[in-house]
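**Student:** Pasting the sequence and the predicted model now:
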Amino acid sequence: MDRRPSLLMTALMLIVLSAVSFAAGASTQTGGVTKPEVTNEDVYKYLNPFVDALAIIREKYVDIDKTDPKLLIYGALQGMVNTLDPFSQFMPPDEYKQMQTETSGQFGGLGIEIAVKDDHLTVIAPIEGTPADKAGIKSGDKIVKIGTVESDTMGINDAVKLLRGKVGTKVTITIVRLGLSEPFDVTLVRDNIKIESIHSYMLPNQIGYVRISEFIDNTTDDFVKAVDDLEKQSPLKGLVVDLRNDPGGLLNEAVGVSDYFGKKGDMIVSTKGRSAYQTQEFHVDDSDKFDKKKPVVVMVNGGSASGAEIVSGALKDWKRGVLIGEKTFGKGSVQTILPLENSDGAALRLTMAKYYTPSGVCIHGIGIEPDLDMKEPDISESTVKVYTKQLPIKFAEMLVKEGMDVTKDVQVTDAVLDRFYAYAIKNVKKIDRDELVKDADYIRDSISVELVSEKLGDKEAREYAVLHDPQVAVAEQIIKNDGKISAQLMAKYPKIKDTTIAGEKKLEEERNKHQSTDDDQ
């Protein structure tokens, strides 16, 4: 029997061909090296085995229900794009529609931003207030299993399909965390995830605080309004911008927030791709700005990625803001959404450029070093088990039901803490009370936040958490010291040596490469 495709199959094949031709038709100039041009004849030749394999599968594969041509071709497209990098994706129509919903700020799931890093499915950041956040999921956690499915060969698309589901249903993920001796399971209940991009509060001493949880539609406008509203309460003496666990988002919104702090003409970020239109420079315009005399402190950690790194990189290079916290994630690539013609609403999310900080460094795979290293506290395995069971939330609910008086300044006493230890030991197997005691301050703060949330609401709980955050307190000290890190703080938080395989070396190579390019010009 002739295995060449039918007219229907030929039409479907053209979808694949159009995507391949797009890549082949782009500029072949990369890094100053000219590669041989790939001709249309080459492309057709490479497609021949694909067509044959598709026909054979449809004709002979044992389970006929798995031979739907649309599903087979979508699978092939996903496999092709997965060979490029962890951030490029083929999105079938339903996934493309879901992505559009996410950038507008609301979707269903667990509240985990994920990527493939070092060949492992990795948490970029939990989204604040979501099931993942409440269960203690952290940036850098490796997801090694979703339900019963191992994730070692899993792409982002496959992971997302398993993680998402009907609101109210459960999924168990297995986590490997650096510093813990063994993997642990976390069972999460899927929920509607609504991203509130901006939260703002007035700290003591007329210091403003604005948190950006993700760069979505209108983040820049909401950010500027939040700062203006704080200024109306009382003229600010400085500003804390919290980008911890901000996984990025829309490039134009990150540029807009950066613009608010720069001088006219300052380079915010540049992008470089294979063709001229993918190479752009973004500069500060002449709109109204935050007073340059007022100090700014930017808080970052390993969950600060992409757009968050654009903002923190710009402010650091301009010496306009002091960065405190941990080294950022290191995602310096730019993805463009390309709807596919002749499809039923599918699209590509394709890496088409890398971005460079104002000093000319591409931080992809490297991250941005803070000016003051403030490592987030390590917690014991017993405390991790307590959080995966969400016991601080349940314990707080129990106390409120018993009639405990909760105000916005609530303090968890030692007696209440002792009661929690007993409650945890009763409800979780194989935990060590001494390990819980070691993490007493961490647990005490968590229970306090949950008490405020249960009695007064989430907004008040977020504010309580900010006002009692040790890193925010350090940011306040720096602002009160006119934006300078004191010798006492430097001594208390010494520089953490980069122990990654090539952290500093890669940074130096980037700087040298940029310098060499400038010299050539």
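**Tutor:** Right, received. Where do you want to start?

**Student:** Read off the pLDDT value for the closest residue in space to residue 117 that isn't next to it in sequence.
**Tutor:** The shortest distance from residue 117 to any non-neighbouring residue, by C-beta to C-beta, 6 or more residues apart in numbering, is to residue 86 (6.9 Å). Just so you know, the C-beta spots here come from the backbone N, C-alpha and C atoms, and that holds for glycine as well. Residue 86 is assigned a predicted lDDT (pLDDT) of 83.

**Student:** quick one, what contacts residue 86?
**Tutor:** 115-117, 156 (C-beta atoms under 8 Å, 6 or more residues apart in numbering).

**Student:** Just the element for it, please.
**Tutor:** Secondary structure assigned from DSSP states H and E places residue 86 in neither a helix nor a strand.

**Student:** give me phi/psi at it?
**Tutor:** Note on residue 86: backbone dihedrals following degrees, to the nearest 10 are phi -70, psi -10.

**Student:** coming back round to it: what about the contacts of residue 86, which are in helices?
**Tutor:** Using DSSP state H, the members of the contacts of residue 86 that fall within helices are residue 156.

**Student:** of the contacts of residue 86, closest to residue 57?
**Tutor:** Residue 57 has its nearest neighbour among the contacts of residue 86 in residue 156, at 24.6 Å by C-beta to C-beta.

**Student:** any idea what sits nearest that closest one, other than its immediate chain neighbours?
**Tutor:** Residue 156's closest residue in space is residue 89 (C-beta to C-beta, 6+ apart), at 6.0 Å.

**Student:** Equivalent analysis for residue 324, please.
**Tutor:** Leaving aside its chain neighbours, residue 324 sits nearest to residue 372 (4.3 Å; criterion: C-beta to C-beta, 6+ apart).

**Student:** who are the neighbours in contact with that neighbour?
**Tutor:** With C-beta under 8 Å, 6+ apart, residue 372 has these contacts: 322-325, 474, 478, 485, 489-490, 493.

**Student:** For it, give me the backbone phi and psi.
**Tutor:** Per-residue torsions, residue 372: phi -130, psi 120 (degrees, to the nearest 10).

**Student:** any idea how far residue 301 is from it?
**Tutor:** Residue 372 sits 13 Å away from residue 301, taking C-beta to C-beta, to the nearest Å as the criterion.

**Student:** Overlap of the contact sets of these two?
**Tutor:** What both residue 372 and residue 301 touch, as defined by C-beta under 8 Å, 6+ apart, is the set residue 325.

**Student:** you'd agree residue 337 is up against residue 90?
**Tutor:** No. Here residue 337 does not reach residue 90: they are 11.6 Å apart, not a contact under C-beta atoms under 8 Å.

**Student:** Of those two, which one has the most company?
**Tutor:** Neighbour tally, residue 337 and residue 90, criterion other C-beta atoms under 10 Å: the higher count belongs to residue 90, 24 against 14.

**Student:** Check which strands are paired with the helix or strand harbouring that one and give the direction for each one.
**Tutor:** Element membership for residue 90 (DSSP H and E) is strand 89-91. According to DSSP bridges, strand 89-91 forms sheet pairs with strand 347-356 (antiparallel).

**Student:** Show me the contact partners of the strand it pairs with.
**Tutor:** 19, 81, 84-85, 87-91, 96, 99, 251, 269-274, 278-280, 310, 332-340, 362, 364, 514.

**Student:** Let's verify residue 281: helix, strand, or coil?
**Tutor:** Following DSSP: H, G, I helix; E, B strand; the rest coil, the label given to residue 281 is strand.

**Student:** give the contact list for it.
**Tutor:** 267, 270.

**Student:** Can you list the low-confidence ranges for the chain?
**Tutor:** By pLDDT under 70, the low-scoring segments of the chain are 1-36, 101-108, 287-288, 498-521.

**Student:** Select the longest helix from it.
**Tutor:** The chain, longest helix under DSSP H: helix 40-60.

**Student:** how near is the closest residue to residue 391 other than its chain neighbours to residue 451?
**Tutor:** Closest residue in space to residue 391, ignoring its immediate chain neighbours: residue 424 at 5.5 Å, by C-beta to C-beta, 6+ apart. For residue 424, the distance to residue 451 equals 16 Å [C-beta to C-beta].

**Student:** okay, those two: which has more neighbours?
**Tutor:** Between residue 424 and residue 451, counted using other C-beta under 10 Å, the more crowded position is residue 451 (27 against 21).

**Student:** The more buried one reaches residue 397, doesn't it?
**Tutor:** No. Using C-beta under 8 Å, residue 451 is not in contact with residue 397; the gap is 9.2 Å.

**Student:** Identify the farthest-apart pair in the contacts of residue 86.
**Tutor:** 117 and 156 (11.2 Å).

**Student:** Out of the contacts of residue 86, which comes closest to residue 466?
**Tutor:** Closest to residue 466, out of all of these and judged by C-beta to C-beta, is residue 115, at 27.2 Å.

**Student:** Double-check the closest one against residue 87; I have them as touching.
**Tutor:** Yes. Residue 115 is within contact range of residue 87, at 6.6 Å (criterion: C-beta under 8 Å).

**Student:** coming back round to it: between which two of the contacts of residue 372 is the distance greatest?
**Tutor:** Greatest spatial distance among these (C-beta to C-beta): 325 and 490, at 14.7 Å.

**Student:** Which of the two has more residues huddled nearby?
**Tutor:** Neighbour count, other C-beta under 10 Å: between residue 325 and residue 490, residue 325 has more, with 27 against 13.

**Student:** which residues does that one contact?
**Tutor:** Here residue 325 is in contact with 244, 299-301, 304, 370, 372-374, 376, 471 (criterion: C-beta under 8 Å, 6+ apart).

**Student:** List the ones among the residues you listed that fall in helices.
**Tutor:** Short answer: the contacts of residue 325 in helices (DSSP H) are residue 471.

**Student:** any chance of the contacts of residue 325 in TSV, with distance to residue 198 too?
**Tutor:** Formatted as TSV, the contacts of residue 325 follow (distance: C-beta to C-beta, whole Å):
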residue	distance to residue 198
244	14
299	15
300	17
301	18
304	16
370	22
372	24
373	27
374	23
376	22
471	19
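
**Student:** Just among the contacts of residue 325, which is most surrounded?
**Tutor:** residue 304 (35 neighbours).

**Student:** who's in contact with the residue most central in space within the chain?
**Tutor:** With distances taken as C-alpha atoms, centre = their mean, the residue of the chain nearest its centroid is residue 247 (2.2 Å). Applying C-beta under 8 Å, 6+ apart to residue 247 gives the contacts 113, 124-125, 214, 303, 305-306, 308, 329.

**Student:** hmm, which two among the residues you listed are most spread apart?
**Tutor:** Farthest pair in these (C-beta to C-beta) is 214 and 329. Separation: 13.3 Å.

**Student:** Looking at the two, which one has more neighbours?
**Tutor:** residue 329 (32 against 26).

**Student:** Tabulate the CA atom coordinates of stretch 381-390 in PDB.
**Tutor:** Once non-C-alpha atoms are left out, stretch 381-390 reads as follows in PDB (Å, rounded to 0.1, in the frame of the first residue of the first chain):
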ATOM      1  CA  GLU A 381      13.500  18.600  57.700                       C
ATOM      2  CA  SER A 382      11.000  18.400  60.500                       C
ATOM      3  CA  THR A 383       9.900  22.000  59.800                       C
ATOM      4  CA  VAL A 384       9.600  21.200  56.100                       C
ATOM      5  CA  LYS A 385       7.300  18.300  57.000                       C
ATOM      6  CA  VAL A 386       5.200  20.600  59.100                       C
ATOM      7  CA  TYR A 387       4.800  23.000  56.300                       C
ATOM      8  CA  THR A 388       4.000  20.400  53.600                       C
ATOM      9  CA  LYS A 389       1.000  19.400  55.800                       C
ATOM     10  CA  GLN A 390       0.100  23.100  56.200                       C
END
